[in-house]
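> Got a predicted model here, sequence first, then my questions.
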Amino acid sequence: MGTITAPPARPWSEKNYWLMFYQVHGLTVTGGSTGLLDGRGGTWWGDKCKRHALVVMNCADVELSQFSSKNSPQMHIAVCQSSKVHLTQLTITAPWDSPNTDGVHVDRSQDVRVTRSTIGTGDDCVSIGPGSRFVTVDGIVCGPGHGVSVGSLGRKGATESVEYIDVKNVQFINTANGARIKTWQGGKGYAKSISFTDIKFTNVDHPVVINQFYVDRHDVPNMGAVALSNITYTNLKGTSRYKTAVEFDCSESGSCTNIHVNSVAITAAYGGETVARCQNAQGDTSGYVYPKIPCLR
């Protein structure tokens, strides 16, 4: 595969992507040991309008493997309106302060797997967006970055759904977040059947997060929330940079239900105790759980 380097910013500024696979069925792309996509993101990060490096759009039966992507202007790889897509053995890198450089973003797609990869960027290592179903993230080393995020969902009151998401065997190292679910105030729809299993945190700012108040001043305030249900956390361990290791911030509308936490041990990276902050979440714990989560049974 060799190295593919993006052109200067201006010649492709009229498009929102650099490379795209569109309406392709049965595609395999592998880079071997030398495959590299260089997005030259440093020429873009100061601009308001940025471009994704590689987009897989309206495709099926696609495998991308064994190549690197560095310094994308915005998202490195976006999988949109596609099915049966496998991304494996990838190395994705960008500086910790590079804006919106998600490693892999999944949007309105199903049967997507992201496996055996190392991702360190300035945004989410993997983000799972609206309309996505049956997504597996397995065997990822994430850091730096904003963790693995389900959402954001329900912006500007939109009705959206995400379901059957399985995140497992992930190491978060020096990330801003770890296992995160985020929804906007005023959103509608649901996110359900989401599991985080066998997760290790090393000096993570916010290891476990549910945030139903992902809102800025331009959004629709105080009008319900995307319903979250059947969220399971099993065998999570490691260290938190800050005292608060678990944050469940749920709406008063009763839209955070069936939260199950089993076997969690998150201690402070530099000594001292950790705590959990919890409001309006309903569910239960089993096994050894530290820090104790006060609003779960």
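Sure, I can see it.
> for the lengthiest strand in the chain, what is the average pLDDT?
Ordering each strand of the chain by length in residues (DSSP state E) puts strand 188-204 first. For strand 188-204, the mean per-residue pLDDT is 97.
> mind checking pLDDT for Pro221?
According to the model's per-residue confidence, Pro221 sits at a pLDDT of 52.
> actually Thr43, sorry about that
Predicted confidence (pLDDT) for Thr43: 86.
> Buried residues of the helix or strand hosting Phe248, list them for me.
Take DSSP states H and E as the rule and Phe248 turns out to sit in strand 244-249. Along strand 244-249, the positions that meet the burial threshold by neighbour count (16 or more other CB atoms under 10 Å) are Thr244, Ala245, Val246, Glu247, Phe248, Asp249. C-beta coordinates here come from the backbone N, C-alpha and C atoms, glycine included.
> Between those, which sits nearest Val135?
The shortest approach to Val135 among these belongs to Phe248, at 21.8 Å (CB to CB).
> Tell me if I'm right that that closest one and Cys295 touch.
Yes: between Phe248 and Cys295 there is a contact at 7.0 Å, judged by CB atoms under 8 Å.
> residues shared between the contacts of these two?
Shared contacts of Phe248 and Cys295 (CB atoms under 8 Å, 6 or more residues apart in numbering): Cys278, Gln279, Ala281.
> and the last one, that one's in a strand?
It stands for Ala281. No: when DSSP: H, G, I helix; E, B strand; the rest coil is applied, Ala281 is found to be coil, with no strand at that position.
> Pull up the gap between it and Glu247, please.
Per CB to CB, to the nearest Å, Ala281 is found 10 Å from Glu247.
> got a list of contacts for the helix or strand containing Ile210?
With secondary structure defined by DSSP H and E, Ile210 is part of strand 206-211. Here strand 206-211 makes contact (CB under 8 Å, 6+ apart) with 147, 172, 176-183, 196, 201, 228, 231, 233, 236, 238, 240, 242, 244-250, 256, 259, 264, 266, 281.
> that older thread, for the shared contacts of Phe248 and Cys295, which single residue is the most surrounded?
Highest neighbour count within those: Ala281, with 23 neighbours (other CB atoms under 10 Å).
> hang on, isn't that one packed against Val261?
No: if you go by CB under 8 Å, Ala281 and Val261 don't touch, sitting 9.8 Å apart.
> shared neighbours of the two, which are they?
Ile293, Leu296.
> Produce a ChimeraX select command limited to the buried residues of the contacts of strand 206-211.
Selection of buried members from the contacts of strand 206-211 for ChimeraX, criterion 16+ other CB under 10 Å:
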select :147,172,176,177,178,179,180,181,182,183,196,201,228,231,233,236,238,240,244,245,246,247,248,249,250,256,259,264,266,281
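> Who are the contact partners of the closest residue to Lys50 other than its chain neighbours?
Nearest non-adjacent residue to Lys50, counting by CB to CB, 6 or more residues apart in numbering: Gln74, 3.9 Å away. Neighbour list for Gln74: Gly41, Trp44, Lys50, Arg51, His52, Ala53, Pro99, Asn100, Thr101, Asp102 [criterion: CB under 8 Å, 6+ apart].
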